[in-house]
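Colleague: How does the following fold in three dimensions:
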Amino acid sequence: MVIVSVIFHLNKDAFYDCSGGHLLHTYYIGLLATLSVSIFITIFVVYISTRGTIINTAPRRHIIIPIYLKFLIAFPELAWNIMGTYWAFGLSSGCDVEVIKTVKGVVISGWGVGIIVLIGLAVVFDPLGTVHRSKEEAAKSANRVWKARFILK
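Modeller: Residues are numbered from 1 along each chain as shown. Alright, predicted model coming up:
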């Protein structure tokens, strides 16, 4: 975020000198806004997650709210990543080289993080949302889910 802010500030007058510069200006503002909101929500998730203990989970009972907010902010982030991809790899002719490289770096990083998050969700997410009565039942259910995910039948 710091690098993007510095590049944006140093080149704010040069955005309109190239093809698609108005789109680039909008992209930078939206990117900084979504990154700011995302960072704030992540800090909130970390704060709530560090409360309580393994046995005392009551202080973390409201963790679902910021997680849903983080999920909702993913849609504008995806839209901005698509717009950045369109601009950086299509409309960037005649623009400053460091601006183009910054947008390409942000776009590639955004797609990489998105893929990692999807892989993480596929591995960790329990689609059944099962409630277990005992530790043995939980272990058996988890074992079934992992076997189904990795086709170890």
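
Colleague: need the helices for the protein, in chain order.
Modeller: For the chain, helices defined by DSSP state H occupy the ranges 2-10, 21-49, 64-86, 97-124, 135-149.

Colleague: What residues of the third one count as buried?
Modeller: When you say that, I think you mean helix 64-86. Across helix 64-86, burial judged by 16 or more other CB atoms under 10 Å covers Pro66, Leu69, Lys70, Ile73, Glu77, Trp80, Asn81, Met83, Gly84, Thr85. To be clear about C-beta, it is placed using only N, CA and C from the backbone, and glycine gets the same treatment.

Colleague: Tell me the one of those nearest Val124?
Modeller: Lys70 (14.5 Å; CB to CB).

Colleague: There's contact between the closest one and Ile43 in this structure, I believe.
Modeller: No - Lys70 sits out of contact with Ile43 when judged by CB atoms under 8 Å, with a separation of 11.0 Å.

Colleague: which other residues reach stretch 18-35?
Modeller: By CB atoms under 8 Å, 6 or more residues apart in numbering, the residues outside stretch 18-35 that reach it are 1, 4-5, 8, 12, 14-16, 73, 76-77, 80, 83-84, 87, 90-96, 99, 103, 106.

Colleague: Out of the helices of the chain, the one nearest Ile55 is which?
Modeller: helix 135-149 (13.4 Å).

Colleague: Do me a favour and average the pLDDT over the closest one.
Modeller: Helix 135-149 comes out with an average pLDDT of 72.

Colleague: buried stuff in it?
Modeller: In helix 135-149, counting by 16+ other CB under 10 Å, buried: nothing.

Colleague: how many degrees apart are it and helix 97-124 in direction?
Modeller: 120 degrees (axes from the mean of the first three to the mean of the last three CA atoms, to 10 degrees).
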